[in-house]
Structure formats: C-alpha cells, structure tokens
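**Q** quick check, what structure comes out for this input:
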Amino acid sequence: MTTRRQALAILVSAPSAGWVNAATLDQASIQALEARIAEYEALMLSGEIASVLDYLPPPLLKEIARPGGMDVSEFRGKVATLFDGLSKDSDFGEIEFSFGLEDAVFETSHTGRAFAIMHSTLVMPGMGETQTPIVALVEAETWYLGRIESPMHEILLGDVYPDLADVNLWR
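**A** Just a heads-up that it's a prediction; the model follows:
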C-alpha cells in the first residue's frame, strides 16, 4: 500500500545532451535541466502532484513499486487514485513550491556520474513548510531529479544508485 509520504517522494527526469561529468556540463545540459525544473514546478503549483510520476527514473520507480508487489503500471494507478482522492477530499489551498539551479552544487561520483544537489521549498496550507534537498543526476542521457524527504529516501536512492549512497545531500 502506498502511503501519502511515499507518494510525495517525487522524482523527475529530463532529456540531457548526453553522458557528462560535472566538470564538462555544457550549456545544452544545463538548459535541459532548467526547462525540466520549470515543468516540475508548474505541476506542483497546479496541484498535479501525481503527474510527476511520469518523470520518475524507471529503476527507481520499479524499486518503489516492488515492496507492494506491484508492477510499475499498477503503482502508477494506485498513486493516481490516492492523489485523486486526496484532492477531492481536501482543499490544500494554494501550494507554493520552488527550487532551481541558483544554489546547485555540481559534483561527480566515484563512477563518473555527474550530479548536483539543490534545495526545494514546499508550502502546503495546513501542513506547513518543508525544505528538502533535490539530487539531480545524469544517467543514460537523461537528467533525473529526486526530492529527498527523509533518511528512508536517501537509503532508497543509494540502493538504486550505489555510487550516490554516501553523498551528503543535507548540506
């Protein structure tokens, strides 16, 4: 069963200019990342939180679905149902969400994977404000962004991407 907290463990992906390391990020890669950040923010601000599942990296989405005994398609359906129910039963009011490259720190893992650490702010009326790190990484010519809300999310990220297991995301 997907909990509300698990459903909010949102990750997004975007096309990049290809495999790069942090030292050689080109303008096209950065522009692809900036465009995807804008799309992600728009989804969050419009309350279409379940829609960002379309951007989850396939290996991570598969790993999130696995403990529930679901395949990816079933998991997507359950999360969509959960958020549809939440949006019908609750008025979250105006959601505020933001993150960007302004404070990003770009690095390269020991395997050569480029990644960045950014910070996001989410404000939901009645639920308060949360500030969490977002890790951005390039894999197979795709940027992935992961909002890390808890140590459990860090562990999951490290299980799927072992070269990021020891990265300090809470800088």
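
**Q** so where's the protein uncertain?
**A** By pLDDT under 70, the weakly predicted segments of the chain are 1-24, 85-93, 171.

**Q** show me where it has its helices.
**A** Remark: helices assigned in the chain by DSSP state H are 4-7, 27-45, 58-65, 72-89, 151-160.

**Q** so how far is the second one off the chain centroid?
**A** What that stands for is helix 27-45. Here the centre of helix 27-45 is set off from its chain's centre by 12 Å, with CA atoms, centre = their mean, to the nearest Å.

**Q** can you pull the buried residues of it?
**A** By 16 or more other CB atoms under 10 Å, the buried positions in helix 27-45 come out as 29-30, 32-33, 36-37, 40, 43-44. Every C-beta, even on glycine, is put in place using the N, C-alpha and C of the backbone.

**Q** of the helices of the chain, which is nearest Phe115?
**A** For those, the distance to Phe115 is smallest for helix 151-160, at 10.4 Å, taking CB to CB.

**Q** which strands or helices does the closest one pack on?
**A** Packing partners of helix 151-160 (3 or more CB pairs under 8 Å, 6 or more residues apart in numbering; DSSP states H and E): helix 58-65, strand 142-147.

**Q** and these as TSV, adding distance to Val167?
**A** TSV is the format used below for the helices and strands packed on helix 151-160 (distance: least, CB to CB, whole Å):
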stretch	distance to Val167
helix 58-65	15
strand 142-147	11
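
**Q** neighbours around Thr161, how many?
**A** Heads up, residue 161 is Tyr, not Thr. 22 (other CB atoms under 10 Å).

**Q** wait, doesn't Leu157 sit right on Pro133?
**A** No. Counting by CB atoms under 8 Å, Leu157 sits too far from Pro133 to count as a contact (10.4 Å).

**Q** now the common contact residues for those two.
**A** Residues within reach of Leu157 and of Pro133 at once, by CB atoms under 8 Å, 6 or more residues apart in numbering, are Ile148.

**Q** and those two? Which one has more around it.
**A** Leu157 (24 against 20).

**Q** OK, contacts around the more buried one?
**A** Contacts of Leu157 by CB under 8 Å, 6+ apart are 60, 135, 146, 148, 164-165.

**Q** same check on Phe115?
**A** 22, 106-109, 135-138, 164, 167.
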